[in-house]
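[1] here you go, sequence then predicted model.
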Amino acid sequence: MMWRRLIAIAGTLTALSALNLSAQISLYTTVDQALRSSTSVRIATSDVQRAVATLSESKDVFVPNFVVGSSVGPPSYGFPLGQPSLVTVQTQSLIFTFSQMDYVRAARAGLESAKLSLADAREQVIHDAALDYIQLDYDGRAIAVLDDENGAASRLAIIEQQRLDAGVGTREDLLRARLVSAQLRLKRLHIQDDVEMLRQRLSHLTGMPAESFVSVPTSIPAMPDLSGESSYSPVITLTSMNSDGVRSAYANALSHQYQAFGDSRQNYRPQIAFGAEYSRFAEFNNYQEYYLHFQHNNFGAGLQIKLPLFDAGAKAKGRESIAEAAHATAQADQARDQSSENIMLLEKGLAELGAQKDIAEIQSELAKSQLEAVLTQLSSSVATPGATPLTPREEQQARIEERRRYQEMLDADFEVTKTQLGLLRATGRIEQWFKASNLP
């Protein structure tokens, strides 16, 4: 009975697997799986865990440690060498130093930097997965448009061949029609290759089979209104500071500054530590014969106070830390400026692409209107006085033009969406947009 159940379970899993391979996958599922599988997110997560441990380590120097040991050996001959400790318990901890609290602050700022780096890595994964998914959806629509356009181009080539055979057409007209059809086939091959590459890339991002990626257009959330932010430079500066990457850079710089401050205060400042030890001595090493007041139980405790007057290595370490802090601060300023410039370029580009999209939409509507006019004339039994009668040749040319203009509108719409996605990424709002795709 058990093997029958195992066979049934295996059959069910196989059926579910086949169903999953053929099912559509929403944008939210794709991005969510990419976040779970991303190597960059896993690396950033381990960096956060390491930063947590570093912060704990910097604070735990104030917590007393406990060490238990033993120095038991065979009976000694003559004067006893060393301590015959059956059991030794030691504890020690740091009580006060001018530098340690700066190291704690440095570790805390480093943890904040690691958390922001993790958020930045998540946003980059969301951007990459969402962009590939949206482009995959666009390519699917583009292929359908190209198939329609190529169908009209193929019919036009047949018509041109018939006109040439009837002696009313030219070979140049036929070659032009065949050229259009060949160019469309080549473009379709390019887009199909792009589709396969996008599926492979999404497979690497998510760990899911490449063939399972079939886009769901309704799962792509609408883009928020991003216009108008580039009018005032202070807005751009503040928006760039919302970027987790920039904030992480400044938190890292602050960590280096605290580290440098702590390293520079190592000399000429006291350091106080506490220590205690208990030992249980044995009798078989002749201690009682050579010491007048031998006893089994021994305990000692005290404070250790050090005043470093000169340490060339510590001074050099302080100068090194100051240089590293200056380097990290300059890198943070550079990241801020680059982010601000990138946001401005994206916003200016978005305005231009929006204008191009408007033109493409008008041209597409115009081509569609012209196609409808041609179809109306062809279907009308009454010819317009003085007008040249239309032929199926003009119909196919109008269909090709309408599909071409529609394709240009799709291209313009994708470029706008791509820029909007980049702007959301640059301003730190892409995860909020992504989560909106899971709302009912």
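    Everything's here; your move.
[2] strands along the chain, start to end?
    Ranges of strands in the chain, per DSSP state E, are 65-69, 85-97, 271-281, 297-306.
[3] tell me the mean pLDDT over the longest one?
    Regarding strand 85-97, the rounded mean pLDDT is 87.
[4] list the buried residues for it?
    Of the residues in strand 85-97, 85, 88, 94, 97 count as buried by neighbour count, 16 or more other CB atoms under 10 Å. Heads up, the C-betas are built off the backbone N, CA and C, glycines and all.
[5] these: which two are farthest apart?
    85 and 97 (30.4 Å; CB to CB).
[6] circling back to that earlier point, okay if I get the buried residues of strand 85-97 as CSV plus distance to residue 418?
    CSV is the format used below for the buried residues of strand 85-97 (distance: CB to CB, whole Å):
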residue, distance to residue 418
85, 73
88, 69
94, 55
97, 54
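[7] now residue 303: how far from residue 27?
    As judged by CB to CB, to the nearest Å, residue 303 and residue 27 stand 63 Å apart.
[8] who has more neighbours, those two?
    When neighbours are counted by other CB atoms under 10 Å, residue 303 and residue 27 differ, and residue 27 comes out ahead with 23 against 10.
[9] the more buried one and residue 219 touch, don't they?
    Yes: under the criterion of CB atoms under 8 Å, residue 27 makes contact with residue 219 at 4.5 Å.
[10] what residues are shared contacts of these two?
    Counting by CB atoms under 8 Å, 6 or more residues apart in numbering, the contacts common to residue 27 and residue 219 are residue 437.
[11] can you list the strands of the chain in CSV and add distance to residue 226?
    Shown next, in CSV, are these (distance: least, CB to CB, whole Å):
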stretch, distance to residue 226
strand 65-69, 55
strand 85-97, 51
strand 271-281, 55
strand 297-306, 59
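[12] any idea which of those gets closest to residue 249?
    strand 85-97 (29.1 Å).
[13] chain center to that closest one, what's the gap?
    Here strand 85-97 is found 46 Å from its chain centre; the criterion is CA atoms, centre = their mean, to the nearest Å.
[14] by contact count, what packs against that strand?
    strand 65-69, strand 271-281 (3 or more CB pairs under 8 Å, 6 or more residues apart in numbering; DSSP states H and E).
[15] quick one: closest of these to residue 128.
    Residue 128 sits nearest to strand 65-69 of all the helices and strands packed on strand 85-97, at 45.9 Å, using CB to CB.
[16] near residue 42, how many other residues are there?
    The local packing of residue 42 (other CB under 10 Å) involves 13 other residues.
[17] mind checking how far it is from residue 131?
    Distance of residue 42 to residue 131, computed by CB to CB: 21 Å.
[18] over to residue 223?
    In terms of CB to CB, residue 223 sits 12 Å off from residue 131.
[19] overlap in contacts, the two.
    Counting by CB under 8 Å, 6+ apart, the shared contacts of residue 223 and residue 131 are residue 421.
[20] relative to residue 205, how far out is the spatially most central residue of the chain?
    Nearest to the mean C-alpha position of the chain, by CA atoms, centre = their mean, lies residue 124 at 2.4 Å. From residue 124 across to residue 205, the span is 11 Å (CB to CB).
[21] and what of residue 158?
    44 Å.
[22] next one: residue 114
    Distance from residue 114 to residue 205, by CB to CB: 23 Å.
[23] those two: who's more crowded?
    Legend: neighbour count by other CB under 10 Å for residue 114 and residue 205, higher for residue 114 (25 against 21).
[24] pull the contacting residues for that one.
    Contact analysis of residue 114 by CB under 8 Å, 6+ apart lists 44, 47-48, 50-51, 248.
[25] from residue 252, how far out is it?
    Between residue 114 and residue 252 the computed distance is 9 Å (CB to CB).
[26] residues near the closest residue to residue 267 other than its chain neighbours, how many?
    Residue nearest to residue 267 in three dimensions, not counting chain neighbours: residue 308, with 5.1 Å by CB to CB, 6 or more residues apart in numbering. Look at residue 308: counted by other CB under 10 Å, it has 12 neighbours.
[27] so what does residue 308 look like in phi/psi?
    phi -70, psi 120 (degrees, to the nearest 10).
[28] quick one: residue 411 and residue 357 touch, right?
    No: using CB under 8 Å, residue 411 is not in contact with residue 357; the gap is 9.3 Å.
[29] more neighbours: which of the two?
    For residue 411 versus residue 357, the count of surrounding residues by other CB under 10 Å is larger for residue 357: 19 against 15.
[30] kindly state the pLDDT recorded for the more buried one?
    For residue 357, pLDDT reads 94.
[31] same thing with residue 314?
    According to the prediction, residue 314 has pLDDT 86.
[32] just give the closest residue to it, not the sequence neighbours.
    The shortest distance from residue 314 to any non-neighbouring residue, by CB to CB, 6+ apart, is to residue 266 (4.1 Å).
[33] can you report how many residues lie near the one you found?
    Residue 266 is flanked by 18 other residues according to other CB under 10 Å.
[34] quick one: it and residue 100 touch, right?
    No: using CB under 8 Å, residue 266 is not in contact with residue 100; the gap is 10.7 Å.
[35] lowest-confidence helix or strand of the protein?
    Within the chain, confidence by mean pLDDT, DSSP states H and E is lowest for helix 2-22 among all helices and strands, at a mean of 40.
[36] residue 437 is nearest to which of the helices and strands packed on strand 85-97?
    Among the helices and strands packed on strand 85-97, strand 65-69 sits nearest to residue 437 (CB to CB), with 50.8 Å.
[37] quick one: average confidence on the closest one?
    Averaging pLDDT along strand 65-69 yields 88.
[38] and it, what does it pack onto?
    Applying 3+ CB pairs under 8 Å, 6+ apart, one finds that strand 65-69 contacts strand 85-97.
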